[in-house]
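Asker: Kindly generate the corresponding structure for this input.
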Amino acid sequence: MRLVLALGALAVTTTAPAAASAASAAGTKDAERAGAPVAYRMATDALEVHGTPAATDGPPLMPGDRTATDTIAPGGKKYYGVRLDGVSDVYVSAVAAPRPGSALGLRDGIDVSLHRADGTPCGPPRHRSFLSAGGAYPLADHAERRAGTDGPCAAAGTYHFVVTRGDADGGDPAPMPLELKYVTEHPPVTVPSPGNSGPWSSAPPPEPAGPAKDVTGGSGFNDAAEVRTGTWKDTIRPGETRFYRTPVPAGRQLFAKATFGNAPGHTPYVANGVRLGLNDTARGHVANRTDGYQGSPVSVPLAAPPAALGGGPPSGWYYLQVSLNFKAATGRSGAVPVTLAVDTTPARRAPASPPGPPSPQSAAHPAPDRPLRALGYAGIGTGTALLLGLGGWTLLARRPGE
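Answerer: Residues are numbered from 1 along each chain as shown. Have a look, this model is predicted:
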């Protein structure tokens, strides 16, 4: 797998324990030697908890770097207690980690939400769906409470974080591992926005270039490989998801493109065979793109809204995920190379364009230079909005992956 990254420098304190990262890297190499796909690994110091089906006695989650682990069965609902102050931004996340290559039902996935003690929701639930038979990959998202905003959850008190899993619907009925994390931060200083009030530009910067360096992607958020400016190369096996972390300063936009190379031997066409995903520093969903794969090179681009601007995701470490469907090699374990081009650029407002009535064609297929909007990105799935304007990054027709 080849990996190209170009980013501005940013000093960010790592939260992944060095021992956990080293142990996971060693396990990754052992699994590679055995030809098996590497599964998601929880943090070695994670606290085991057992969520309850009722809110009254849910175990407490403690804020900080330490994660908690649990499992959830199809159709299950788990409650956890969280104590919120009245002055901090709060993010409570869940990672659902299916077995690599497992087949999951079309209605399977997770919802995460935050509720007051009386059951009043703090906001709409965040829904993530697997939607990929044989290509199950870790799903993650968070529920949030922003400080200084009106609403039912503005006050300090005890709240409930709720994780709900979808119906197995003929898929794998086994309980699935969960990783939970609760982080708080004081609201950061607001970064001034560009001069006009229009939507954000989605025009990507030129692709970065440079000699390739070796890197081994991690199995999850806890051991994600740190990548900086330059070109990186790695390999990925069918059924795997590789994680990489990269810093995104406030006021900058992240653009990325994964190019999957040739697969060894004959490979049947697999819808949603390759994937590029992105989560923010609080493990919140930012973007997810997939494409079909038949063993020949294919590129999957994505774009993110500006970090920490206009309701966009927070700044800090962002997590790129590269996935290869288990069916992409009909059970063989041959590795596939991937190139991931990544760049951050200062947020720019889109140039004004004269208004005009949309044609039926433009309504169905938006123009490639249509700008991004910072608000509402957490609710956009593998939508077209994240990819508008990426023609220079080899935008291809593809199916939605989530």
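Asker: CA only for contacts and neighbour counts going forward, please
Answerer: OK.
Asker: So for residue 9, what's the pLDDT?
Answerer: Confidence at residue 9, expressed as pLDDT, is 34.
Asker: Over to residue 391?
Answerer: Listed pLDDT for residue 391 reads 38.
Asker: And for residue 197?
Answerer: Taking residue 197 on its own, its pLDDT is 56.
Asker: Low-confidence ranges, the protein, go.
Answerer: For the chain, applying pLDDT under 70 flags the ranges 1-35, 132-134, 188-198, 229-230, 310-311, 330-333, 352-402.
Asker: Packing partners of the host helix or strand of residue 272?
Answerer: Residue 272 belongs to strand 270-279 when assigned by DSSP states H and E. The criterion is 3 or more CA pairs under 8 Å, 6 or more residues apart in numbering; DSSP states H and E, and the helices and strands that strand 270-279 contacts are strand 252-260, strand 285-293, strand 298-303, strand 316-324.
Asker: and of those, who's closest to residue 44?
Answerer: Using CA to CA as the measure, strand 316-324 is the one of the helices and strands packed on strand 270-279 that comes nearest residue 44, at 19.3 Å.
Asker: right, and the helix or strand after the closest one?
Answerer: strand 336-346.
Asker: Can you list the strands that that following strand pairs with?
Answerer: Under the criterion DSSP bridges, strand 336-346 sits next to strand 2-6 (parallel), strand 235-236 (antiparallel), strand 252-260 (antiparallel) in its sheet.
Asker: Can you give me the buried ones in the longest one?
Answerer: Going back to what we said before, that points to strand 252-260. For strand 252-260, burial by neighbour count (16 or more other CA atoms under 10 Å) applies to 252-260.
Asker: And for the helix or strand harbouring residue 90, what's in contact with it?
Answerer: When elements are assigned from DSSP H and E, residue 90 belongs to strand 89-96. Outside strand 89-96, the residues within contact range by CA atoms under 8 Å, 6 or more residues apart in numbering are 84, 110, 112, 138-147, 161, 163, 176-187, 282-284.
Asker: residue boundaries of the helices in this protein?
Answerer: With DSSP state H applied, the chain shows helices at 18-34, 360-364, listed in chain order.
Asker: re the thing from before, in ChimeraX, how would I select just the buried ones from the contacts of strand 89-96?
Answerer: Command for ChimeraX that selects the buried part of the contacts of strand 89-96, burial taken from 16+ other CA under 10 Å:
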select :84,110,112,138,139,140,141,142,143,144,145,146,147,161,163,176,177,178,179,180,181,182,183,184,282,283,284
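Asker: Excluding chain neighbours, what is closest to residue 112?
Answerer: Excluding its sequence neighbours, the residue lying closest to residue 112 (CA to CA, 6 or more residues apart in numbering) is residue 163, at 4.8 Å.
Asker: ok, that neighbour - contacts?
Answerer: Counting by CA under 8 Å, 6+ apart, residue 163 has contacts 77-79, 94, 110-113.
Asker: now those residues as a markdown table including distance to residue 307?
Answerer: Below are the contacts of residue 163 laid out as a markdown table (distance: CA to CA, whole Å):
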| residue | distance to residue 307 |
| --- | --- |
| 77 | 32 |
| 78 | 31 |
| 79 | 30 |
| 94 | 21 |
| 110 | 25 |
| 111 | 24 |
| 112 | 22 |
| 113 | 22 |
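Asker: List just the nearest of the residues you listed to residue 346.
Answerer: Nearest to residue 346 among these: residue 94, at 30.1 Å, using CA to CA.
Asker: What's the local residue count around that closest one?
Answerer: The tally of other residues near residue 94 (other CA atoms under 10 Å) stands at 27.
Asker: nearest residue to it other than its sequence neighbours?
Answerer: residue 180 (4.6 Å).
Asker: where's that neighbour relative to residue 46, distance?
Answerer: Per CA to CA, to the nearest Å, residue 180 is found 9 Å from residue 46.
Asker: Mind listing the shared neighbours of those two?
Answerer: 67-69.
Asker: Please produce CSV containing the buried residues of strand 252-260, extended by distance to residue 271.
Answerer: Output for these, formatted as CSV (distance: CA to CA, whole Å):
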residue, distance to residue 271
252, 33
253, 29
254, 26
255, 24
256, 21
257, 18
258, 16
259, 16
260, 14
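Asker: Report the separation between the residue nearest to residue 161 when sequence neighbours are not counted and residue 158.
Answerer: Nearest residue to residue 161 in three dimensions, chain neighbours excluded: residue 114, at 4.7 Å (CA to CA, 6+ apart). Using CA to CA, we find residue 114 at a distance of 11 Å from residue 158.
Asker: who has more neighbours, these two?
Answerer: residue 114 (29 against 15).
Asker: wouldn't the more buried one be in contact with residue 160 here?
Answerer: Yes - with contacts counted by CA atoms under 8 Å, residue 114 reaches residue 160, the gap being 5.7 Å.
Asker: Run a quick neighbour tally on residue 175.
Answerer: Look at residue 175: counted by other CA under 10 Å, it has 14 neighbours.
Asker: For it, give its distance to residue 320.
Answerer: 26 Å.
Asker: Same question for residue 205.
Answerer: Distance of residue 205 to residue 320, computed by CA to CA: 18 Å.
Asker: show me the contacts for residue 109.
Answerer: For residue 109, the contacting residues are 127-130, 139, 165-167, by CA under 8 Å, 6+ apart.
Asker: Narrow those residues to those in strands?
Answerer: Among these, DSSP state E puts 127-129, 139, 165 in strands.
Asker: Looking at neighbours, which among these is most surrounded?
Answerer: Ranked by neighbour count (other CA under 10 Å), these have residue 165 at the top, with 24 neighbours.
Asker: does it really touch residue 97, like I thought?
Answerer: No - using CA under 8 Å, residue 165 is not in contact with residue 97; the gap is 12.0 Å.
Asker: Quick one: neighbours of the closest residue to residue 142 other than its chain neighbours, just the number.
Answerer: Distance criterion CA to CA, 6+ apart; nearest residue to residue 142, sequence neighbours excluded, is residue 93 at 3.9 Å. When neighbours are defined as other CA under 10 Å, residue 93 has 25 of them.
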